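K.L.:
Structure, please.
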Amino acid sequence: MLELLIRTETLFLYLEPLWLLGIGVPALIVGLVFWLGGTRYSTPITGLLGALVGAVAGLLVSQWLKLHMLLSTVVGAAVLATVSVLLRNVLILVLAVLVVAAAAGGGYLAVILEKATPQEPAQRQADAGAAPSAPYQSFRGMDLPTRLDYVDRMARQEKDFSERVRAIGTDTYQAAQPHLWKLILAALGGAAVSIFLVWFVRKALIALAYSVVGTAVLVVGAQTALLAANFKAASALPPNPWLLPGTCGGMVAFGWLAQLITTRKPKEKAPRKDAEEEQ
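P.N.:
Numbering: from 1, shown residues only. Predicted coordinates:
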């Protein structure tokens, strides 16, 4: 997991502090709501997600069919938000299955990146001024200037943020490509287990999915907000392979239990019988 976090940190270093705050602070708020209150606020969360997806879809349709952009965006957001609320139970279960599948696949990807090693030291390539020849470079094995230089060389001549996103994404995909079928199997396995659990512990599965998403968003939000203060949290973490997974696992468990406890329905009290009337 540390390798993934360092890659995210390296990418965000290209953003200005104001952008980092604009991403980090809302992410912390959203992550906290998902982490501890996702199950309780599932209706507004589902509606907002539907509105967001609908707005993006409306924007794309307006560009495709040459329609009024603002009107298409508003209509798309309103329609999908309404559908999402009406089909809330079905949509939440589908999203829960997808979250568990993504968590399984992402967890296996983190293991691959932790175990993989570069074919050639990154510093040697940087000193030679050559393009990266290894299919994968461990960001944990580079200091900060070498990391930034490595990303710049992968981004070729275009130095905008989107090109750097593509470069890091391509580098990560190259690391995972030899194990692609295992990643797919891990994701399918997570989906199969979650579908099986739906029939028995639907409420617990939904709470777990919210806790997983909330923990991930909280970690990324905290990392981004700290970068705005010029503190590189991922680089400062000790190279303990169990520290980050243990911390995130504990957060997921805490958020999961907290949601199960706070949303538990009180037991209905049995009607009290009037002894005098019985007599």
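K.L.:
Just the helices from the stretch 1-150 of the chain, written as ranges.
P.N.:
Assigned by DSSP state H, counting those that start in this stretch, the helices in the stretch 1-150 of the chain fall at 2-12, 17-37, 42-65, 69-86, 88-115, 122-128, 144-154.
K.L.:
Mean neighbour count, the ones you listed: which tops it?
P.N.:
Across the helices of the stretch 1-150 of the chain, the average number of neighbours (mean count of other C-beta atoms under 10 Å) peaks for helix 2-12, which reaches a mean of 20. C-betas here are computed from N, CA, C, even on glycine.
K.L.:
on contacts alone, who are the packing partners of it?
P.N.:
Secondary-structure packing of helix 2-12 (3 or more C-beta pairs under 8 Å, 6 or more residues apart in numbering; DSSP states H and E): helix 88-115, helix 144-154, helix 161-176, helix 202-228, helix 233-236.
K.L.:
Quick one: closest of those to L20.
P.N.:
Closest to L20 of these, according to C-beta to C-beta: helix 202-228, at 3.7 Å.
K.L.:
picking up where we left off before, possible to save the helices and strands packed on helix 2-12 as TSV with mean pLDDT and distance to G22?
P.N.:
Shown next, in TSV, are the helices and strands packed on helix 2-12 (pLDDT from 0 to 100; distance: least, C-beta to C-beta, whole Å):
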stretch	mean pLDDT	distance to G22
helix 88-115	78	25
helix 144-154	80	22
helix 161-176	79	14
helix 202-228	89	9
helix 233-236	89	18
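K.L.:
Of all the helices of the stretch 1-150 of the chain, which one comes closest to H179?
P.N.:
The nearest among the helices of the stretch 1-150 of the chain, by C-beta to C-beta, is helix 88-115 at 5.3 Å.
K.L.:
chain center to that closest one, what's the gap?
P.N.:
Once both centres are worked out by C-alpha atoms, centre = their mean, to the nearest Å, helix 88-115 turns out to sit 9 Å from its chain's centre.
K.L.:
same check, this time on stretch 178-190
P.N.:
Put simply, stretch 178-190 sits 18 Å off its chain's centre (C-alpha atoms, centre = their mean).
K.L.:
how about that stretch: buried residues?
P.N.:
For stretch 178-190, the neighbour count (16 or more other C-beta atoms under 10 Å) marks H179, L183, A186, A187, G190 as buried.
K.L.:
what about the third one, distance to P241?
P.N.:
Counting by C-beta to C-beta, to the nearest Å, the gap between A186 and P241 amounts to 19 Å.
K.L.:
Looking at the buried residues of stretch 178-190, spot the one nearest G249.
P.N.:
Nearest to G249 out of the buried residues of stretch 178-190 is G190 (C-beta to C-beta; 15.2 Å).
K.L.:
May I ask which helix or strand encompasses the closest one?
P.N.:
For G190, the enclosing helix or strand under DSSP states H and E is helix 180-198.
K.L.:
who's in contact with that helix?
P.N.:
For helix 180-198, the surrounding residues in contact (C-beta atoms under 8 Å, 6 or more residues apart in numbering) are 93, 96-98, 100-105, 107-109, 112, 176, 204-205, 209.
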